[in-house]
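# Dropping the sequence and predicted coords here.
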Amino acid sequence: MLIHPIPPLFDNDSRILILGSFPSVKSREANFFYGHPQNRFWKVLSCIYEETVPQTIEEKRAFILRNHIALWDVIGSCDIVGSSDASIKNVTPNDLSIILKQADIKAIFVNGKSAYKNYEKYIQPVIGLPATCLPSTSPANAAWSLDKLVEAWKCVKDI
């Protein structure tokens with residue numbers, strides 16, 4: 001059983017909540033979200049917000065907060081093989097009330113189908129808020145080019 005090692009990133013001005021499934025091996029090693037160099041999360045958001053791609057954890061943290069985003073994952077603990085979402089078992093969800101009590105979240109987005117499936121199963125029945133499923137920025141989602149991802153993710157900025 002692995003426990004999610006990264007605290008939620010948000011402040012009182014966060015309006016958009018983006019949830020992944022569970023941190024990858026690289027993200028767990030970096031102790032920060034989307035730490036795999038091939039994950040396109042930071043490139044996609046940088047294109048949408050027309051900013052330079054943040055490189056350091058400090059730059060990424062500032063980017064998220066400056067754009068009124070909250071960032072976390074659906075799963076608080078689980079059994080997982082490596083970084084494979086398909087292998088996830090024995091899920092305990094994160095308690096999103098930590099964010100929802102402090103920030104006026106207007107929309108919830110999930111990064112990929114695994115995060116969406118687990119959100120619908122474990123979190124939506126508890127908090128009653130729907131989420132929008134966006135295509136995964138993971139390198140495993142090779143069918144989606146960067147341009148296609150940017151087009152699909154543009155709705156995040158419209159909130």
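Looks like it came in fine.
# Now stretch 68-86: buried residues?
68-76, 78, 80, 83, 85 (16 or more other C-beta atoms under 10 Å). All C-beta atoms are positioned from the backbone trio N, CA, C, and that covers glycine.
# Does V110 belong to a helix, a strand or coil?
strand (DSSP: H, G, I helix; E, B strand; the rest coil).
# Pull the contacting residues for it.
Contact criterion C-beta atoms under 8 Å, 6 or more residues apart in numbering gives 18-20, 74, 116, 119, 131-134 as the residues in contact with V110.
# Identify, from these, the entry nearest to A152.
Minimum distance to A152 across those is 5.9 Å, recorded for L134 (C-beta to C-beta).
# Confirm A62 sits in a helix?
Yes: A62 forms part of a helix when assessed by three-state DSSP.
# In contact with it: list those residues for me.
A62 makes contact with P54 under the criterion C-beta under 8 Å, 6+ apart.
# what do you get if the cut-off is 10 Å, keeping everything else the same?
If you count contacts by C-beta atoms under 10 Å, 6 or more residues apart in numbering, A62 has them with 54, 56.
# want to try TSV for the buried residues of stretch 68-86, with pLDDT, secondary structure and distance to G35 as columns?
Below are the buried residues of stretch 68-86 laid out as TSV (pLDDT from 0 to 100; DSSP: H, G, I helix; E, B strand; the rest coil; distance: C-beta to C-beta, whole Å):
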residue	pLDDT	secondary structure	distance to G35
H68	98	coil	22
I69	98	strand	17
A70	98	strand	18
L71	98	strand	12
W72	98	strand	15
D73	97	strand	13
V74	97	coil	17
I75	97	strand	16
G76	96	strand	18
C78	95	strand	18
I80	91	coil	15
S83	86	coil	10
D85	83	helix	16
